[in-house]
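A.B. asks: Provided below are the primary sequence and the corresponding predicted coordinates.
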Amino acid sequence: MDKTQTLSPAKPARRFRFALPWYTGLTLVAAAAYGLAFAMHWDDRGLLWVAEQFESPAQRQESVWLPDYHAVIDAKPLPGMEKDEASDVTYNPQTKTLFAVMGKNPFLVELTLQGDVLRKMPLVGWSNPEGVASTTNGLLAITDERDHTLSIVQIDANTRELNRADFPTYDLGPSQNQNKGFEAIAWDPRNQQLILGEERPPALFTWKSNGSQSLEGSKQRHASDELDLRNLSALAIDPRTGHMLALSADSHLLLELDEEGKQVSFMTLLGGFNGLKGTIPRAEGIAADEAGNLYMVSEPNLFYRFEKQR
């Protein structure tokens, strides 16, 4: 007798499906949206937008008032600079031109107010120039984010190349994040000082100067604590009001601060707003002239000009 038993095939394990209640999914979406809004500081922008609505016409007139600006030159390419990474731009009131620094391949470029290239000047000895500010009498202050230094150079109509060894250089000291150091710089003529900005976390410092190649004392922490930005890319001082303009590439935002460091107005850099056809890819430089026009550069090599429409 064959005692071999035929075994029946094993039954497949039962699969249990666990479905989240609909409100749990909605909660997760809401939490993700809130996290994004918090990271982008949209909650701060919402509060500032509400505050803007209560500003009187006189108060708006006394400020830069960024909501009234409109792009009149939108994403104009700087020829031959596609791989150079535009890092900052400054307005020179003596020459009525702009000077921009390129960070990846260090050089200084002079531009017309329409974004046309006048000349390119190699920056010999710089590692990663990220900030530039026009001070007085043909002087430019240039920050090197990698080396944590500030150099004050002299240029004129005949300058074709700049060597850092020829100019005074100052040590800016360590940053909280060594890889995200001193990227922004602006000249504040009313208070006779340079304003320096760390990229991340955003922080402001001042360094007294009479506009020459000499600095006085050491850098000091700025009083403002209202830099509600994901990062700080560049700074400028509006010559008409003395207000500060703080640019953030990660937040796609330009923020106006008064002389006490309080938020006044803002402009988003997203496509469809303020005359922009598309979002500014990575806004890295901001400048303002005495007529109230604003200039911006973005990586890799894009130029923008904004004018007030009201």
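C.D. replies: Yes, it's here.
A.B. asks: OK, contacts around D258?
C.D. replies: Neighbour list for D258: S63, H243, M244, V264 [criterion: C-beta atoms under 8 Å, 6 or more residues apart in numbering]. Bear in mind the C-beta positions are built from the backbone N, C-alpha and C, glycine included.
A.B. asks: repeat that for 7 Å
C.D. replies: By C-beta atoms under 7 Å, 6 or more residues apart in numbering, D258 lies in contact with H243, V264.
A.B. asks: Kindly report the same for I280.
C.D. replies: I280 sits in contact with H252, L269, S298, Y304, where contact means C-beta under 7 Å, 6+ apart.
A.B. asks: try it again with 10 Å
C.D. replies: Applying C-beta atoms under 10 Å, 6 or more residues apart in numbering, we find I280 in contact with 71, 74-75, 247, 249, 252, 254, 268-271, 296-299, 302, 304.
A.B. asks: filter those residues to the buried ones?
C.D. replies: 71, 74-75, 247, 249, 252, 254, 268-269, 296-299, 302, 304 (16 or more other C-beta atoms under 10 Å).
A.B. asks: from those, which is closest to P201?
C.D. replies: A249 (14.7 Å; C-beta to C-beta).
A.B. asks: Check the gap between the closest one and A157 for me.
C.D. replies: 32 Å (C-beta to C-beta, to the nearest Å).
A.B. asks: same check, this time on D166
C.D. replies: Taken as C-beta to C-beta, the span from D166 to A157 is 18 Å.
A.B. asks: Compare neighbour counts for these two and give me the winner.
C.D. replies: D166 (12 against 8; other C-beta atoms under 10 Å).
A.B. asks: The nearest residue to that one once chain neighbours are set aside: which element?
C.D. replies: Using C-beta to C-beta, 6 or more residues apart in numbering and skipping residues adjacent in sequence, the residue nearest D166 is V153, 7.9 Å away. Per DSSP states H and E, V153 falls inside strand 149-154.
A.B. asks: where exactly do the strands run in the stretch 101-250 of the chain?
C.D. replies: 107-111, 117-124, 129-134, 139-144, 149-154, 162-163, 169-171, 182-188, 193-198, 203-208, 220-221, 234-237, 244-248 (DSSP state E, counting those that start in this stretch).
A.B. asks: Could you save the ones you listed as CSV and add columns showing mean pLDDT and distance to G278?
C.D. replies: What follows is the strands of the stretch 101-250 of the chain, written out as CSV (pLDDT from 0 to 100; distance: least, C-beta to C-beta, whole Å):
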stretch, mean pLDDT, distance to G278
strand 107-111, 98, 21
strand 117-124, 97, 23
strand 129-134, 97, 24
strand 139-144, 97, 29
strand 149-154, 96, 34
strand 162-163, 98, 34
strand 169-171, 96, 39
strand 182-188, 95, 24
strand 193-198, 96, 26
strand 203-208, 94, 30
strand 220-221, 92, 37
strand 234-237, 98, 20
strand 244-248, 97, 18
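A.B. asks: I am finished for the moment; much appreciated.
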